[in-house]
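# Here is a sequence together with a model predicted from it:
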2 protein chains.
Amino acid sequence: MDRDGAAEQSGTAGAAEPRTRRNRPTGGGVTMEAVGRLAGVSQVTVSRALNDPSKVSAETLRRIEEAIATTGYVPNAVAGALASSRSRLVTALVPSITNVVYSSLVKSFIEGMRAQGYQILLSETGFDPVEEEALIAAHLSRRPDAILLTGIHHTAKARHQLLGAGIPVVEVWDITDTPIDMCVGFSHSEAGRRVADFAVESGYSVAATVTAADERARRRARAFTEQFEARAGRTVTTVELPGPASLAEGRRALATLIESGDFTTGAVFCSSDLLAHGALIELHVRGIAVPGQVAVIGFGDQDFAPYTEPALTTVSVDRTELGRRAASALIARLAGEPRKDAVINLGYQIVRRGSA
Amino acid sequence: MDRDGAAEQSGTAGAAEPRTRRNRPTGGGVTMEAVGRLAGVSQVTVSRALNDPSKVSAETLRRIEEAIATTGYVPNAVAGALASSRSRLVTALVPSITNVVYSSLVKSFIEGMRAQGYQILLSETGFDPVEEEALIAAHLSRRPDAILLTGIHHTAKARHQLLGAGIPVVEVWDITDTPIDMCVGFSHSEAGRRVADFAVESGYSVAATVTAADERARRRARAFTEQFEARAGRTVTTVELPGPASLAEGRRALATLIESGDFTTGAVFCSSDLLAHGALIELHVRGIAVPGQVAVIGFGDQDFAPYTEPALTTVSVDRTELGRRAASALIARLAGEPRKDAVINLGYQIVRRGSA
DNA sequence: TTGTAAGCGTTATCAG
DNA sequence: CTGATAACGCTTACAA
């Protein structure tokens, strides 16, 4: 079979058609038109064959499929989106793509959306609302069918543009009574408070927090501190890191805490498991018994948490479920279903292991 | 100022224009047309104001900017891409987005591309070439200006479609003399061999490998094994995991190795730092001296590697630089520069710390 | 079952 | 400096 069927057909087409604006530069794209010509049908029929094969006769379908195979045709989703005003594209904004907490959430979100034929355009805001605003505009320019945002705090302009876009929006990893559209997450302040309860009830009368530069983490730490101070009547020592969480920062924070002399025994609530793991290592190196002298509580329940030494007591949030629920919330809206549960609280769970 | 300027203008426009096909459904999108009407200029002038302000008078520009602000206009990149056949979109495919090794690489790639105005459509292949093939087709349908792939092994159909797309392609995290287009990475087999040299020269005469389900990791392990056996004259014990690397799997693998009795002393080469860290923990729990009785070597030099106990000896690959170079390679091509270095070998570095 | 025609919101070309 | 006008490659009526 002739590899270059299109060229052959152009002869068939006959008389000199007026040449179009662009001199068909690189072979950049086979069109439905070309596929149709090769299959002996019109362009629309090819469109139908692709979008709803039941509307095309078996024989025609076969010829079209053959033509697609020989031309190596790849549908142009850009043109499709413009014509139908449905892009089958969904946008997602997360604070960090290298942080498993977010990437695992996004992973299950992507899987959920992909199962329905949606592709995901992902960007990272770096925890910065201004950056987020710029990215929202950039994403909106691609005319996504829906959008996922992390957190509930966005600039006024961002909210305005989101509302103006008229598409379903889901905010995740936090919770509010007044979402832009929909929301699936949990309460960070409540989680912080409950960890304080847990610490108090576990018998710790002294506490410290180690918190990365993340508004939600700070909110947890603040709630923890208030509750712990209220119940234990002791001031909580606070360490706020200037940057993101890491094992190294966890070690350093514990070293600081211990060496300062302010904190020699008690419970440390870290804003992430990574920090907590670092804390564990530093304590081990210094020969400080865990949880005997110092207890450590993490946040996130990352997959390594059960395997640290001792195993990490932490707060578990089902990120996979969260991503899944975010996806199905959007999918329901995209399918035209009326919005039912605008706010879904997935909660969290304090998992007691060896470290506290 | 009237919020709904467009409506006001439609009165100005005068007589009944023939209504278009769609009844302007949701206010889904302000157009350049609408902005132009409000600013008292034509649609093309708005386009110019946005793409090349120097071609528009200062006064006109001001009025257009005002109109954009009051209408909340967001450019339609879909229409723009169709008209210009440049999408300003670049596609990236990685095996896993939750694995820092890849996400950190992608992060710096994204930053590099974004600086030039490109957005990145990211998907995860799950280490599966068939899945990758499907994703390549899906991505190509968005008509990206360029594409980044992880690794050098792709299905024949994928290669064919990539070639047909006629866009710059960069393959990363591996190396070959025959890239689809360009390639930036390092040699996995060479790295494996050099780790074997390192182990032999460090005095270990017994070795084992623990390897996750990743073709490149296996290639490193195989090269390590061959070289070690050749130089030390001893068979290398091999543990191949069925799934991805994790701290848990690292612990388990070491437990298996030790309990089998085949391996009581020597060096263990793990296919990732995560596995190595798990190994360290398991050895610690069992009271086995590191590196005295068992030495551990990781791969990747993740940020936690210097902070494990003992600090992890591992193979460092500059992923940030890799992502950056991949971006600049594409950007150069997109700017029309001729391809210079089609293959860039960034190498790797064996970092000796405490564990081996 | 298939085809024709119009239009999606831009950019590129060509005039003025 | 500004404006018509023709594409870009599809999808959606509407007709045959």
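Arrived safely.
# Which residues does stretch A:241-258 contact?
When contacts are defined by CB atoms under 8 Å, 6 or more residues apart in numbering or on different chains, stretch A:241-258 is touched by residues A:96, A:99, A:208, A:210-214, A:217, A:237, A:239, A:263-264, A:268, A:270-272, A:274-279, A:281-283, A:286, A:288, B:303-304, B:306-308. Every residue, glycine included, has its C-beta placed from N, CA and C.
# Mind jotting down where the strands sit in chain A?
All strands of chain A, identified by DSSP state E, fall at A:89-94, A:119-124, A:146-150, A:169-172, A:182-185, A:207-211, A:237-240, A:266-270, A:294-297, A:314-316, A:343-345, A:349-351.
# okay if I get those as TSV plus distance to A:E59?
As requested, the strands of chain A are exported to TSV (distance: least, CB to CB, whole Å):
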stretch	distance to A:E59
strand A:89-94	34
strand A:119-124	33
strand A:146-150	39
strand A:169-172	45
strand A:182-185	46
strand A:207-211	67
strand A:237-240	71
strand A:266-270	67
strand A:294-297	68
strand A:314-316	57
strand A:343-345	49
strand A:349-351	59
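# where do the helices sit along chain A?
A:5-12, A:32-39, A:43-51, A:58-71, A:77-84, A:100-114, A:129-140, A:156-165, A:188-201, A:215-232, A:247-260, A:273-285, A:319-334 (DSSP state H).
# so of those, which one's packed in deepest?
helix A:273-285 (a mean of 26; mean count of other CB atoms under 10 Å in any protein chain shown).
# Could you tell me the angle between that one and strand A:207-211?
130 degrees (axes from the mean of the first three to the mean of the last three CA atoms, to 10 degrees).
# Point out the other helices and strands that helix A:273-285 packs with.
Packing partners of helix A:273-285 (3 or more CB pairs under 8 Å, 6 or more residues apart in numbering or on different chains; DSSP states H and E): helix A:247-260, strand A:266-270, strand A:294-297.
# Out of the ones you listed, which is closest to DNA strand D?
Relative to DNA strand D, the nearest member of the helices and strands packed on helix A:273-285 by CB to the nearest atom of the strand is helix A:247-260, separated by 48.7 Å.
# For the closest one, list the C-alpha coordinates in CSV.
C-alpha atoms of helix A:247-260 as CSV (Å, rounded to 0.1, in the frame of the first residue of the first chain):
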residue,chain,number,x,y,z
LEU,A,247,14.9,15.3,56.9
ALA,A,248,17.9,17.6,57.4
GLU,A,249,15.7,20.4,58.8
GLY,A,250,14.2,17.9,61.2
ARG,A,251,17.5,16.9,62.5
ARG,A,252,18.6,20.5,62.8
ALA,A,253,15.5,21.6,64.6
LEU,A,254,15.8,18.9,67.2
ALA,A,255,19.4,19.8,67.7
THR,A,256,18.5,23.4,68.3
LEU,A,257,15.7,22.5,70.6
ILE,A,258,17.8,20.2,72.7
GLU,A,259,20.9,22.5,72.8
SER,A,260,18.8,25.5,73.7
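# So what's the model's average confidence on it?
Average pLDDT, helix A:247-260: 95.
# what do you get for stretch A:174-187?
On average, stretch A:174-187 scores 97.
# before we move on, the earlier item: can you put the helices of chain A in JSON lines and add distance to B:Q293?
Formatted as JSON lines, the helices of chain A follow (distance: least, CB to CB, whole Å):
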{"stretch": "helix A:5-12", "distance to B:Q293": "68"}
{"stretch": "helix A:32-39", "distance to B:Q293": "66"}
{"stretch": "helix A:43-51", "distance to B:Q293": "63"}
{"stretch": "helix A:58-71", "distance to B:Q293": "60"}
{"stretch": "helix A:77-84", "distance to B:Q293": "58"}
{"stretch": "helix A:100-114", "distance to B:Q293": "32"}
{"stretch": "helix A:129-140", "distance to B:Q293": "49"}
{"stretch": "helix A:156-165", "distance to B:Q293": "57"}
{"stretch": "helix A:188-201", "distance to B:Q293": "38"}
{"stretch": "helix A:215-232", "distance to B:Q293": "40"}
{"stretch": "helix A:247-260", "distance to B:Q293": "25"}
{"stretch": "helix A:273-285", "distance to B:Q293": "19"}
{"stretch": "helix A:319-334", "distance to B:Q293": "38"}
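# Would you single out the least confident of the ones you listed?
helix A:5-12 (a mean of 33).
# residues in contact with stretch A:215-223?
If you take CB under 8 Å, 6+ apart as the criterion, stretch A:215-223 is touched by A:127, A:151, A:153, A:173-174, A:188-193, A:195-196, A:209, A:211, A:238, A:240, A:245, A:269, A:271-272, A:299.
# and if you look at stretch A:51-62?
By CB under 8 Å, 6+ apart, the list of residues contacting stretch A:51-62 reads A:A39, A:V41, A:T45, A:R48, A:A49, A:I64.
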